[in-house]
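K.L.:
Okay, predicted coordinates and the sequence, questions at the end:
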Amino acid sequence: MLHGPLWSKIIKFALPFMATSVMQQLFNATDTAVVGRFASSQAMAAVGANSSVIALIVGLFTGLAMGTNVVVARLIGQGRDVRIHDAVVTSMTTAIISGLVLVAVGNLLARPLLEVMGTPEDILEKAILYLRIYMLGMPFLMIYNFGSAVLRSKGDSKRPMYCLLASGVINVGLNLVFVIIFHWNEAGVAIATDISTGISAAVILILLAREEDRFRVSLRRLYIRKEPLMEILRIGVPAGLQGMVFSFSNIILQSAINSFGSAAVAGSAAAQTFEFIAYYVINSFTQAVVTFTSQNYGAGDLKRCREVFRWCMLFGVCSSAAVDISFMLLRYHLIGLFATDPEVIAFGATRILTVCLFNFIANSYEITSGALRGMGYSALPTILTVIGSCLFRIAWVFVVLPQFGSFRSIVIVYPISWTFTGIMVLTAYAIVCRWQKKKAAADVDRLDLSDRV
C-alpha cells in the first residue's frame, strides 16, 4: 500500500470487500425473500421493519471496527510491531464485550423502539420476536466485524470474503429449512442468521489464531491496553455516531413509512435490499480509502494520500452509478423476487426509482469521510453528517412532509440530504488538505533553517 501504482492495488483490495458486502446483503435478503414468498407479507414486513432499528443499535460498535482498521493500518505504516499486537488483541476483546452488551440492549429496547416507530399492529409482535432472536447473535457479528477489520488493515480483504461465503450459503439453506419445512417464519430466519454469523465468527478466530505474532489472537490471552483502546475510540466513536445518526434519521423516516401500512413497509424493505447493495459498492472504496490513507499517513506521505482519495472517488462513483441504473431498469422484476402482492411491488418500485437511482451521490460524503478518518479527523465528518442527514431529515419529516403526505415525498429526502451532506464534507476535506500542505511546507522551511544554522 505504501509503494507502486495505486489504482490496481485499490481495485484488488476493494473488489473482494465489495463481493463480501454484497454477498452478505444477498444472504440477508434471503430472510426477507423467503418469508415473503413462503410465509406472508406480514412476516416479510416484520423482518423489514427491523432494518433501521438493528442499524441504530449496532451502529456505534460497527464504527469501532473502523477505528480498529485505522489504528492498526497506521501502526503498520509506522512499523511498530509491538503496538500492533496490543491494538489487535484490545480490539478483539472489545468486540466480545460489545457483543454481549448488544444482546442485553437489543432485548430490552426491542418493544419500546418498535412501538415508538409506530410499527403496524398486525406485524408488531412478529417484529419484536425477530429482533430479540436476531440480537442474540451480536457477539458473533462483532467478532466477525472486528476480526475482518484487523485483516483488512494489512491489506487482506479476500479471507473475510471466503469466510462470509461459507456462512452465507449455510444461512440460505437454514432459511429454507426453518421456514418451508418447520414453518418458523420470522423466528426461523432470525435463528438461521444467528447460526451462520456464529460460523463466520468461529472461522475469523481460527484465522487470527494462525497469524504471525503481531496479528495473532488467542481466546486464552485477551486483554485491553489503554493506549490503543483510546486511539480506537477516538477514531471509532465518531464513525459509529455517524452511523447511528443515519440510523436515527432513518427510524424517523421509517415511522412515516409505517403510517402507510404493512404493504408500504414490505415494499420499502424489499427496495432497501438493493439500496444496501449499492451502498456496499460505495463502502468497498470507503474501506479502501480508510486503509490506504491510514498506512500512507502513518508513513508521512500526504501526496499519496490525496492520490488514494482521487482514485477511490473515481472508482466509487462509476461503479455505484452503473449498479444504480441497473436496479432502476429492473425494479419491477427485482421487487417481484420478494413479493407477489401488486401493492407491495408498487411501493418497492417507487422507492428504487426515487432513492436507489441516486445512491451514487453518497460517494461524496462516504469516501471523503473515510479519507478524513484515515488522516485522524474522525469527529469532523460526524458533525457535518449530523447536520446534513439527521437534522435535515427530521426537519423534512415535520415541515415538508405534511405539505405533501405521499410515499414519494418521504423517500425523496434521501438523495436531497446526500447532496447537502456531500457538499459540506467535500468542502471540509479541501480545507484540511490545504492546511496539511501549508503545515508540511512550514515544517520543511523550519528544517532548512535549522540546517543552515
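P.N.:
Sure thing, it's come through.
K.L.:
Pull up the per-residue confidence for Ala440.
P.N.:
At Ala440 the predicted local confidence, pLDDT, stands at 65.
K.L.:
Glu125 versus the residue nearest to Ala321 when sequence neighbours are not counted, what's the distance?
P.N.:
In this structure, Ala321 finds its nearest non-sequential neighbour in Phe360, 4.2 Å apart by C-beta to C-beta, 6 or more residues apart in numbering. To be clear about C-beta, it is placed using only N, CA and C from the backbone, and glycine gets the same treatment. Relative to Glu125, Phe360 is positioned 39 Å away (criterion: C-beta to C-beta, to the nearest Å).
K.L.:
Same drill for the two, tell me which one is more crowded.
P.N.:
Relative neighbour count places Phe360 above the other of Phe360 and Glu125, with 23 against 14, counting by other C-beta atoms under 10 Å.
K.L.:
ok, now how distant is that one from Pro160?
P.N.:
When C-beta to C-beta is the yardstick, Phe360 and Pro160 sit 25 Å from each other.
K.L.:
One more: Gly63?
P.N.:
Gly63 sits 18 Å away from Pro160, taking C-beta to C-beta as the criterion.
K.L.:
now do Asp341
P.N.:
37 Å.
K.L.:
Compare neighbour counts for those two and give me the winner.
P.N.:
Neighbour comparison, Asp341 and Pro160: the larger count goes to Pro160, with 27 against 19 (by other C-beta under 10 Å).
K.L.:
excluding its backbone neighbours, what's nearest that one?
P.N.:
Nearest in space to Pro160, with sequence neighbours left out and distances taken as C-beta to C-beta, 6+ apart, is Ser148 at 4.1 Å.
K.L.:
Wait, the one you found touches Val203, no?
P.N.:
No - if you go by C-beta atoms under 8 Å, Ser148 and Val203 don't touch, sitting 10.6 Å apart.
K.L.:
out of the two, which sits in the busier spot?
P.N.:
Set side by side, Ser148 and Val203 show unequal neighbour counts under other C-beta under 10 Å, the larger going to Ser148 at 26 against 19.
K.L.:
What does Leu330 show for phi and psi?
P.N.:
Backbone torsions for Leu330, taken as degrees, to the nearest 10, come to phi -110, psi 20.
K.L.:
Could you tell me which ranges of the chain sit under the pLDDT cut-off?
P.N.:
Of all residues in the chain, those with pLDDT under 70 make up the ranges 1-2, 24-25, 27-29, 31, 440-453.
K.L.:
Can you give me the buried ones in stretch 395-409?
P.N.:
The neighbour-count criterion (16 or more other C-beta atoms under 10 Å) identifies Trp396, Val397, Leu401, Phe407, Ser409 as the buried residues of stretch 395-409.
K.L.:
ditto for stretch 201-215
P.N.:
Buried residues in stretch 201-215, counted by 16+ other C-beta under 10 Å: Ala201, Val203, Ile204, Leu205, Leu207, Leu208, Glu211, Arg214, Phe215.
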